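Trainee: 3D, please:
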Amino acid sequence: AAANNKDRERTNLLALAMPPARKSLGAQLRQAAKDDPLCIQPSLLRSLARPTERPQLPPWAARVRERLGVVEAQIRRLEREKQMLLNRLAEAPDDVTDAVFLELEAGLDVGVHGGSSASSTTPT
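Mentor: So this is what the prediction gives:
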């Protein structure tokens, strides 16, 4: 019985001495995305710079795979949101959809041409 108590004490001491398990970066990002469905994580490209030393490559590749998983999950969430918004737009009155598409078209003209949409739609 005394040996059994010593083993228990040793196990308890070891449990106290061990640091708590840390979540990987990917797990932390996935948890943040679950907690806040609109949470879009910033790019981690700077922190995922490719190492020059061969022994560092496997852990780096694992971090890149984790990040890819997070980005893919974000893309799926954005696609679901896009479909929801398109469904709402399809159910909206015609004047609302016309206004939305005119505004989108004007925004695309500005983004592509760098100028106002009026200059790109006015015949010359």
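Trainee: burial of Glu66, as a residue count?
Mentor: Glu66 has 19 neighbouring residues, counting by other Cβ atoms under 10 Å. C-betas here are computed from N, CA, C, even on glycine.
Trainee: give the other helices and strands that the helix or strand containing it contacts.
Mentor: If you go by DSSP states H and E, Glu66 is part of helix 57-91. When contacts are defined as 3 or more Cβ pairs under 8 Å, 6 or more residues apart in numbering; DSSP states H and E, helix 57-91 packs onto helix 25-35, helix 94-113.
Trainee: how about it: buried residues?
Mentor: Within helix 57-91, the residues scored as buried using 16 or more other Cβ atoms under 10 Å are 63, 66-67, 70, 73.
Trainee: the helices and strands packed on helix 57-91: lowest mean pLDDT?
Mentor: Comparing mean pLDDT across the helices and strands packed on helix 57-91, the weakest is helix 25-35, with a mean of 64.
Trainee: which intervals of this protein have sub-threshold pLDDT?
Mentor: Residues of the chain that meet the criterion pLDDT under 70 lie in 1-46, 110-124.
Trainee: again, only this time at 90
Mentor: Applying pLDDT under 90 to the chain flags the ranges 1-52, 60, 63-64, 67, 70-71, 89-90, 96-124.
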